[in-house]
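1. The following block contains a protein sequence and its predicted model.
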Amino acid sequence: MRPVRLDLDRSLVVAARDDPARFDALYRKYVAQVYSFATYELRDRHDAEDVTARTFLSALAGLPGFTERTADPDEPEASSFRVWLFTIARHAIAEHRRSRRRHPATDLGAAVELADPTDPSRTVERHEDAGSAWRAVADLPGDRRRALVLRFVHEMTTAEIAAVLGRSEGAVRVLIHRALRSVAADLDRRR
């Protein structure tokens, strides 16, 4: 018999359903994580802010329909509030990308991009190594990159990542393994 994992956010979800003003606790708990995920995916802080806002608006609107599910033989797909929220974020990111392809915009800020003199990553070797690693991660194909970010930045379990990406746990383990091998090979080539 497997132990049943309870959603640690259950009481916050119930409170937010009773009073939407109490959704603020869930927002404060996850806003940085969702924003970080969107930033890694979109590589633009302003777009990430828009997607983060859309994610939480969608989550607030959809909260009455959210159903927590634990994994069992009859229902193998578990769902916690966190997994549900990141799934909304993944869909918001995909919609943002589709919108950008349909309506491309020119970023005038890119024409006058200047190096930030207060950014120590340009002068400290340790930050350059970290930058190389994140550039290698950024070059990975979509789901490999997402799997690494969800695993190592957001510290999600394989089961949570599988639910967010809509894949099996085995497929997620393969994605992470191949992504790590690709990053290591890329870093070796850059040295």
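-> In hand now; what should we look at?
2. what about stretch 134-154, start to end distance?
-> The first and last residues of stretch 134-154 sit 15 Å apart, counting by C-alpha to C-alpha, to the nearest Å.
3. Now do that stretch: everything it contacts.
-> Outside of stretch 134-154, the residues that reach it under the criterion C-beta atoms under 8 Å, 6 or more residues apart in numbering are 33, 36-37, 40-41, 43, 86, 90, 156, 158, 160-161, 164-165, 167, 172, 175-176, 178-180, 182-183, 186-187, 190. For the C-beta atoms, the positions are set from N, CA and C on the backbone; glycine is no exception.
4. Sort out which of the residues you listed are in helices and list them.
-> Secondary structure of those is defined by DSSP state H; positions in helices are 33, 36-37, 40-41, 86, 90, 158, 160-161, 164-165, 172, 175-176, 178-180, 182-183, 186-187, 190.
5. Taking the residues you listed, please make a PyMOL selection of just the buried ones.
-> Command for PyMOL, covering only those of the ones in helices among the contacts of stretch 134-154 found buried under the criterion 16 or more other C-beta atoms under 10 Å:
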select buried, resi 33+37+40+41+86+90+158+160+161+164+165+172+175+176+179+180+182+183+186
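6. Quick check: closest non-adjacent residue to the residue minimising distance to the centre of the chain.
-> With distances taken as C-alpha atoms, centre = their mean, residue 37 lies nearest the centre of the chain, 3.1 Å away. With sequence-adjacent residues excluded and distances taken as C-beta to C-beta, 6 or more residues apart in numbering, residue 37 is closest to residue 89, at 5.8 Å.
7. Which pLDDT value goes with the one you found?
-> Per-residue confidence for residue 89 comes out at a pLDDT of 96.
8. Kindly report the same for residue 50.
-> At residue 50, the pLDDT recorded in the model is 94.
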